[in-house]
Structures are given as C-alpha cells and as structure tokens.
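**Q** the sequence isn't on hand, but the structure is:
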C-alpha cells in the first residue's frame with residue numbers, strides 16, 4: 001500500500017478545461033488523491049465553482065496548491081496564492097499546457113501526481129504587469145496581435161480544441177495591422193509601429209508557438225519578442241513556422257533580453273497573460289520581471 005503524504009493539498013480543478021473533458025476527471029482525482037494524501041480538498045473553478053469561495057485565509061491552510069487544468073487555471077491559482085508562500089503544483093488538464101512543457105511534466109497524469117507527492121521544488125521568476133491591468137504571469141504576457149489572437153482562440157476553443165490556437169492567430173493576423181506604440185525597454189525609449197509585443201518567461205504559448213526560444217524560467221530576464229507590421233500573406237506563411245522558434249526569414253521579428261518593459265499605445269489593444277484575456281482596451285502596461293518569486297513543484 002502506498003504511504004500517504006502528510007502535506008495538506010488543495011486541488012483547484014477547472015472542469016471546463018479541454019473543452020469540458022477535464023470535468024470527467026473529478027472522481028478519478030478523488031481516488032488518486034486519496035491514495036497519496038491524508039489531507040486534501042478539491043475545489044472547482046467557474047461561475048458557480050467552489051474555488052470562488054476560497055479566501056486568502058483559506059489558502060493559508062494548505063502546504064500545496066495544485067492547479068488542475070491549463071495555463072489559465074495555473075495563472076489564476078498563482079494570482080490568488082502568491083503572497084502566502086504556498087508551493088504550487090500543476091496537473092496538466094488543459095489544451096495547450098505551455099507551462100507543463102516548460103518544466104518537463106510528463107503527459108501521464110498519474111506520474112504527475114507522483115511528482116507532486118514527491119514534492120521537489122524550484123524557485124522560478126514571474127512577470128508582473130501594472131497599468132491598465134494588474135496581474136502576475138507565469139509564462140507569457142502579450143499585447144497586440146497575440147492578445148487579439150488569444151481573444152479569438154477563447155471563442156473557438158470549446159468547439160475546435162487545440163486547433164483554436166491557430167484559428168485565433170489567423171483571424172488576428174488578417175484583422176490587425178499594428179499601430180504606433182511608445183516602448184521603453186530597460187529605460188531605452190522607442191517609438192514606432194508594432195504588430196505585437198510579447199514578454200516571455202517561458203518559451204511556448206498557444207500550445208505550439210515558440211515565441212521565446214531562449215527563455216528560461218529562472219534566469220532573471222524577460223525574453224521580449226517584438227514584431228513590426230508585416231504583409232498579411234507573409235505573416236500567414238510564417239505563422240506555422242513558429243512551432244520551431246522565431247523564423248529566421250521573418251525580418252520584422254526581433255528578440256531582446258531585458259528586465260522591464262513599459263508600453264504605451266494611443267489605440268486600445270487586446271492583451272493576455274498566460275492565455276487569460278486581460279482586456280480589449282489596454283493602452284498602457286508596465287511589465288517587470290521578479291526573480292525567484294514562486295516556488296513550484298518540478299520533476300525530480
């Protein structure tokens with residue numbers, strides 16, 4: 001019989017993840033958690049979910065918060081529990097699972113629960129944005145084209161699954177042509193037309209778009225991807241090539257490492273953090289990297 005851990009664990013389960021298929025995992029999670037922990041609770045997210053009732057005081061009762069879903073579920077769990085020095089784990093039940101890739105979590109869910117029980121942790125950096133939206137972000141934070149792509153992706157995710165990320169990107173590429181932005185990168189000011197600006201802590205967003213190929217979760221730096229206006233057909237040609245990194249032939253794309261970015265736009269833009277929609281009328285964002293801000297459970 002498996003020896004149970006004494007850790008107090010809070011599972012936050014997004015039953016709508018994977019187009020609702022994650023909701024079918026509730027009974028399975030109860031059985032598997034009962035084999036591994038003596039003290040655990042399971043809360044559901046969503047409009048009528050029990051997780052909405054949890055306060056910061058409630059979170060402090062637990063040693064580990066486990067986000068059971070995709071990057072959005074993890075994003076919300078981190079923003080709720082960050083300042084209480086609670087260890088965060090991930091059970092990847094989402095569609096994209098970008099952060100799961102970043103920490104090399106296996107696809108086998110039982111193996112992921114074993115990793116959480118083993119409890120090996122590491123400190124990772126976080127992105128913090130202020131301005132027209134205030135959030136902590138684990139993986140990526142984008143404004144402009146990828147913010148709009150994320151907005152469209154959300155509309156199609158339930159009906160098309162992983163294909164929704166590509167559909168959202170195509171719609172955004174066809175409908176958004178860029179605008180002038182005032183950007184300060186570590187204090188150096190630039191004013192020009194941009195199509196998108198994405199701050200990367202992790203390497204991948206949208207399931208398969210490698211927007212920060214050199215990004216590391218613990219290097220104390222933002223990998224900042226910028227793309228200036230690009231002809232539609234050229235952009236559509238290069239979009240699939242982001243599966244392997246920033247395409248060399250896309251000369252309108254560039255990447256730099258920095259610690260702080262300030263973005264100003266006279267035009268209201270869409271923005272996202274970890275795939276969560278931050279707004280459609282964002283004019284200013286200040287993005288700063290905070291080293292070693294979060295303790296996460298990783299494979300041994």
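**A** Yes, it's here. Everything numeric here is computed off the predicted structure, so don't read it as measured data.
**Q** ok, now which ones touch residue 12?
**A** For residue 12, the contacting residues are 43, 45, 51, 65-69, 73, 76-77, by CB atoms under 8 Å, 6 or more residues apart in numbering. Yep, even glycine has a C-beta here, placed from its N, CA and C like the rest.
**Q** go again using 10 Å as the cut-off
**A** For residue 12, the contact set (CB atoms under 10 Å, 6 or more residues apart in numbering) comprises 41-45, 49-51, 54, 59, 65-69, 73-74, 76-77, 80-81, 88, 91.
**Q** what mean pLDDT does whichever helix or strand it is part of have?
**A** Residue 12 belongs to strand 5-13 when assigned by DSSP states H and E. Across strand 5-13, pLDDT averages out at 93.
**Q** from the contacts of residue 12, which ones fall inside helices?
**A** Counting by DSSP state H, the contacts of residue 12 place 59, 73-74, 76-77, 80-81 in helices.
**Q** which among the contacts of residue 12 count as buried?
**A** Neighbour-count burial (16 or more other CB atoms under 10 Å) is assigned, among the contacts of residue 12, to 41-45, 49, 51, 54, 59, 65-69, 73-74, 76-77, 80-81, 88, 91.
**Q** which SS state does the closest residue to residue 133 other than its chain neighbours fall under?
**A** Nearest non-adjacent residue to residue 133, counting by CB to CB, 6 or more residues apart in numbering: residue 278, 4.1 Å away. Secondary structure for residue 278, judged by DSSP: H, G, I helix; E, B strand; the rest coil, is strand.
**Q** cool, and residue 152?
**A** Following three-state DSSP, we place residue 152 in the helix state.
**Q** returning to that earlier point: right, and the helix or strand after the strand holding residue 12?
**A** helix 26-36.
**Q** show me what that next one is packed against.
**A** Under the contact definition 3 or more CB pairs under 10 Å, 6 or more residues apart in numbering; DSSP states H and E, helix 26-36 sits against strand 5-13, strand 37-44, strand 64-69, strand 87-92, helix 109-118.
**Q** the inter-axis angle of the fourth one versus helix 26-36?
**A** Angle, strand 87-92 to helix 26-36, by axes from the mean of the first three to the mean of the last three CA atoms, to 10 degrees: 130 degrees.
**Q** ok, residue 54 touching residue 11?
**A** No - counting by CB atoms under 10 Å, residue 54 stays clear of residue 11, with 11.6 Å between them.
**Q** which other helices and strands contact the helix or strand of the chain with the lowest mean pLDDT?
**A** None of the helices or strands of the chain scores lower by mean pLDDT, DSSP states H and E than helix 56-59, at a mean of 79. When contacts are defined as 3+ CB pairs under 10 Å, 6+ apart, helix 56-59 sits against strand 5-13, helix 71-81.
**Q** ok, which of the ones you listed comes nearest residue 175?
**A** helix 71-81 (23.1 Å; CB to CB).
**Q** now do that closest one and strand 64-69, the angle between them.
**A** 150 degrees.
**Q** and helix 71-81, what other elements does it pack with?
**A** Against helix 71-81 (3+ CB pairs under 10 Å, 6+ apart) you get strand 5-13, helix 56-59, strand 64-69, strand 87-92, helix 98-102, strand 135-137, strand 260-273, strand 276-297.
**Q** quick one: closest of those to residue 251.
**A** strand 260-273 (21.6 Å).
**Q** buried residues, the closest one. List them.
**A** Buried residues in strand 260-273, counted by 16+ other CB under 10 Å: 260-265, 269-273.
**Q** poorly predicted segments of the stretch 101-250 of the chain, please.
**A** By pLDDT under 70, the weakly predicted segments of the stretch 101-250 of the chain are 158-162.
**Q** picking that back up, how about CSV for the helices and strands packed on helix 71-81, with distance to residue 219 added?
**A** Formatted as CSV, those follow (distance: least, CB to CB, whole Å):
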stretch, distance to residue 219
strand 5-13, 28
helix 56-59, 28
strand 64-69, 23
strand 87-92, 19
helix 98-102, 12
strand 135-137, 16
strand 260-273, 15
strand 276-297, 9
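**Q** by mean pLDDT, show me the worst of those.
**A** Among the helices and strands packed on helix 71-81, helix 56-59 carries the lowest mean pLDDT, at a mean of 79.
**Q** sweet, I'm off.
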